[in-house]
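**Student:** Below: sequence and its predicted model.
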Amino acid sequence: MVAPVSVVTDQIGGRPVDPNAPLLVVDDLHVEFRIEAGTVRAVNGLSYRLDRGRTVAILGESGSGKSVGAQAVMGIIDSPPGFVTGGSVRFRGVELLDLPEADRRRVRGNRIAMIFQDALTALNPVFPVGWQIAEMFRVHRGVSRKKAGERAIALMERVKIPSARERADSYPHEFSGGMRQRVMIAMALSLDPDILIADEPTTALDVTVQAQIMNLLAELQGQTGMGLILITHDLGVVAEVADEVVVMYAGREVEKGDSLAVYHRPAHPYTIGLMDSLPRRDVHTERLRPITGSPPDLLAIPSGCAFRPRCPYAREICAEAEPPTAEPERGRVSACHFWEEVQRERAGT
Amino acid sequence: MGRYLIRRLLQFIPVFFGATLLIFVMVWAIPGDPIAALAGDRVLPDQVLDEIRDQYHLDDPLLVQYAKYMGDVFQGDFGEDFRGRPVWDLMAQRLPITIRLALLAFGFELVLGVIAGIVAGVRKGGFMDNLVLISTLVVIAIPIFVLGFLAQLLIGVQFGWFPVSGIQRGFMSYVLPAMVLGSVSLAYIARLTRTSIVENLRADYVRTATAKGLPRRRVVGIHTFRNSMIPVVTFLAIDLGALMGGAIITETIFNIPGIGRAVFEGVQRQEGTVVVGIVTFLVLIYMIANLLVDVLYAVLDPRIRYE
Amino acid sequence: MSERERVPDPLAPGAAEAEPVGGREGGLYADAWRQLRRRPIFVISGVLILILITMALFPSLFTRIDPRACNLADSLLRPSSEHWFGTDVQGCDYYARTIHGARVSISIGILVTVSSTFIAVVFGSIAGYYGGLVDTIIARITDVWFAIPTILGGIVILRSIFSERGLFQVSLVLIVLGWPTMLRLARSAVMSVKEMDYVDSARALGVRDFRIIRRHILPNAIAPVVVYATITVGVIISAEAALSFLGVGLQLPAISWGLMISVAQNRILTAPHLLLFPGLFLSVTVFSFILMGDALRDALDPRLR
């Protein structure tokens, strides 16, 4: 049962909101960083769609462009040296990329919120957590200090931080990792955003705490009906939580689709490589098979298919031409010249 | 916080006695006749010498000497000059003037330094940044006495904007010496602030604050600022020491009758006891100021409170 | 450290985040050198320092005139073609005196800095590495010396202890008053490097402490010390000049820029050249060392660029 999303203003920066449009549509996004050594092409053609109540997972290793893509949606890329060089990001039908900064800022935190990996460094160490949460109300909604403080405590209780009232005056370093992450979640959820972007929210946490946090996110999502974009490198989390997955490599999407379908019937060598390199209790193999080689230098992405140097299926054409986007099933995408072969071989295994 | 304070106090006490003992030993416990060393070229009648020996307890064993000396200090007795006038009187007379000078210099360096540092740091690599970097470098490089003379020559004499000597003209007389006194510290503060701001602007929490949709003004002015000020506050404690040394030079050049010039005069006239007395006093002040700054640091940075 | 951080992530790139400089020692320093060579401030300050050191070592390269060959009849002449910088009160050629003044400043600057740095690194490493009681003792002793501001301490020590004040005495005083700051810096650098994983692994492998300090910790911790030491040379030169100016530093007949300025102060209006030339040389000298320190810092600490 998806609860209705909170009341939305019907315009953003003077542009009308389309009530029928999906929550978020990212189309062919390109982001590059111009540094002394050259141009780093961090994101090369990312596209996905997020609907209410759904979870999209963006899966990839460090340097795949997954975080940068999310930062582009939020509009928080340091520019210079970063530049969004193409594509579109439409939030409820409203194009965000060419919105004036003042309007963009009103969307940030308010309608689209983001939480980060390491809550210890992501929170300001010199202000109490209650103050930092309450700040959202004070700045965005003009609420008085006292009322904002009360609402902050209510939020802390909602994310299940024990003794919230007493702990609101504590500082980030006085909390455990899991509690700190809950503080971040509380802060992000304070204004009932439509979308929450979680950038590796559990990577820095212990395994048991990870599960708690993911459950919390699922519960909150159920209550509010917000869309969740989960950025991760953890396949296990993806399989359990996500509706759709976008697998990224060297800034490009290599596979995309319903997460269970991708999990059971992968159609890209990279996805298969990822799965094979993780230890699993249910599958008995003699050795783990890591993906050979290392991720590409984003200053000089290999020609043709970026994964070619590490791909066991690579043939000549892979070096010459970028793989076209094929549709293994309806609603799925794979960027491999030989996806049918790949998928068939895998199914046979 | 309470534990932190107690720890700091416990650290302070041995340092306090250590430093004062050190000064004491350096002056009175050297081989040879310390009185003669302090008196310099002066020839004193035996009676005066005996009096001084008595006053400074020089016939007692060293530690007893020191204990009595500290006892005297706590009662406000910092010794006497060779004519029998208490050093304390001299200090009471001169200190307020120096305090005025120091406060003015302090305000000047703090306000201008922090502003310059913020502007430079926020627009790193820009014109203002380079301007601040170069000008602070130049100011630091020019020794304070050269700066003082230049200021006197150019601003005071050539342009005649400010008086260059004495304190007859009230507030205006303090302006030029305060600017000179604070100049080097201003340069350091500007650089420190700049570095701190640059470092903090790259911090994760800035990204979070931006993602929260806070206006840039607030991200820099409140979030970054609080964190950036922490190293500056630490610097202020050390700066006081530099200010004391600088005051000696500045007051001498600008003919300000403050405590710094009293030290200089003491050196010139070979009034060793005056010099020692005032320096002991100043060292005490310096140590207390450092302690206070430690406390202030804990107020600003809650992570420290639990060390 | 959480469990998660120890298990290598199969999806993560190969290299560890904080690669120890010890392992690619060539890496950081070779990188730094390459960068330095290109930067104008390094080149400028380097050239200036070389000139000044040459001036200190071989003043005769710059002037043939004997700075002590003074003729009272030529007292207080303005700069001219015969006396480039004019003459001082006693009729000595001011240019020659200024050139010879470099020797005192540079030697004190370098001597004091090298000594302070040595003491600071040795004791700072011990304090930072071993911690505990050793650290507490060293830290307290440092605090005691630290509590005495340089100029004040200099005045007291030089006035009361020494009857004669030559190069040695002044240097000693500056070393003694200068090492606390250096030590604190070295100590905190060592303490932060000590936390790195590769130190733990070296210890687990049974490497002896001294070796760990020398080969793993020092190369990494030394960068801020080097930067600070370079700047300190400039600061010490300035401090010696200040002490000489106040009359507690070097005494006549030593030739020191500080001393020359001190003598000049009563005549700045009538004979400004007495102040200007040593003042200029002093400033440029201090400036080049600080500039060099800045250049080194930019190269060795990439974060701050």
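**Tutor:** Noted; the coordinates are in hand. Residues are numbered from 1 along each chain as shown, chains lettered A, B, ... in the order given.
**Student:** Quick check: longest helix in chain B by residues?
**Tutor:** If you go by DSSP state H, chain B has its longest helix at helix B:87-122.
**Student:** Ramachandran angles for the residue of chain A found nearest chain C?
**Tutor:** Closest residue of chain A to chain C, C-beta to the nearest C-beta: residue A:61 (3.8 Å). Heads up, the C-betas are built off the backbone N, CA and C, glycines and all. Note on residue A:61: its backbone torsions stand at phi -90, psi -180 [degrees, to the nearest 10].
**Student:** show me where pLDDT drops low in the chain?
**Tutor:** Since you didn't name a chain, this refers to chain A. Judged by pLDDT under 70, chain A has its weakly predicted residues at A:1-9, A:279-286, A:348-349.
**Student:** Actually, chain B is the one I wanted.
**Tutor:** Looking at chain B by pLDDT under 70, you get B:29-42, B:56, B:59, B:306-307.
**Student:** And the residue of it that's closest to chain A?
**Tutor:** Residue of chain B nearest chain A, by C-beta to the nearest C-beta: residue B:213 (3.1 Å).
**Student:** That residue: neighbouring residues, count only.
**Tutor:** Neighbourhood size, residue B:213 [other C-beta atoms under 10 Å in any protein chain shown]: 24.
**Student:** ok, it touching residue A:114?
**Tutor:** No. Using C-beta atoms under 8 Å, residue B:213 is not in contact with residue A:114; the gap is 10.0 Å.
**Student:** Those residues of chain A touching chain B, which are they?
**Tutor:** By C-beta under 8 Å from any C-beta of the partner chain, the residues of chain A that approach chain B are A:74, A:76, A:105-110, A:113-114, A:116, A:118, A:121-127, A:135-136, A:139-140, A:171, A:173, A:184, A:187.
**Student:** Which ones among those residues map onto helices?
**Tutor:** Counting by DSSP H, the residues of chain A next to chain B contribute A:74, A:105, A:106, A:107, A:121, A:122, A:135, A:136, A:139, A:140, A:184, A:187 to helices.
**Student:** Right, and chain B sits closest to which residue of the stretch 51-200 of chain A?
**Tutor:** Taking C-beta to the nearest C-beta, the stretch 51-200 of chain A has residue A:109 as its residue nearest chain B, at 3.1 Å.
**Student:** show me the residues around that residue that make contact.
**Tutor:** Contacts of residue A:109 were listed using C-beta atoms under 8 Å, 6 or more residues apart in numbering or on different chains, and they are A:136, A:140, A:188, A:191, A:193, B:211, B:212, B:213, B:214.
**Student:** try it again with 10 Å
**Tutor:** Contact analysis of residue A:109 by C-beta atoms under 10 Å, 6 or more residues apart in numbering or on different chains lists A:74, A:135-136, A:139-140, A:187-188, A:190-191, A:193, B:208-214.
**Student:** just residue B:104 next, same as before
**Tutor:** Each residue near residue B:104 by C-beta under 10 Å, 6+ apart is listed here: B:171, B:174, B:175, B:177, B:178, B:179, B:181, B:182.
**Student:** Would you map the strands across the stretch 151-300 of chain B?
**Tutor:** Counting by DSSP state E, counting those that start in this stretch, the stretch 151-300 of chain B has no strands at all.
**Student:** Would you state the helices of it in chain order?
**Tutor:** Assigned by DSSP state H, counting those that start in this stretch, the helices in the stretch 151-300 of chain B fall at B:171-201, B:204-211, B:216-218, B:225-254, B:259-268, B:272-300.
**Student:** what separates the longest one from the chain centre, distance-wise?
**Tutor:** Distance of helix B:171-201 from the chain centroid (C-alpha atoms, centre = their mean, to the nearest Å) equals 14 Å.
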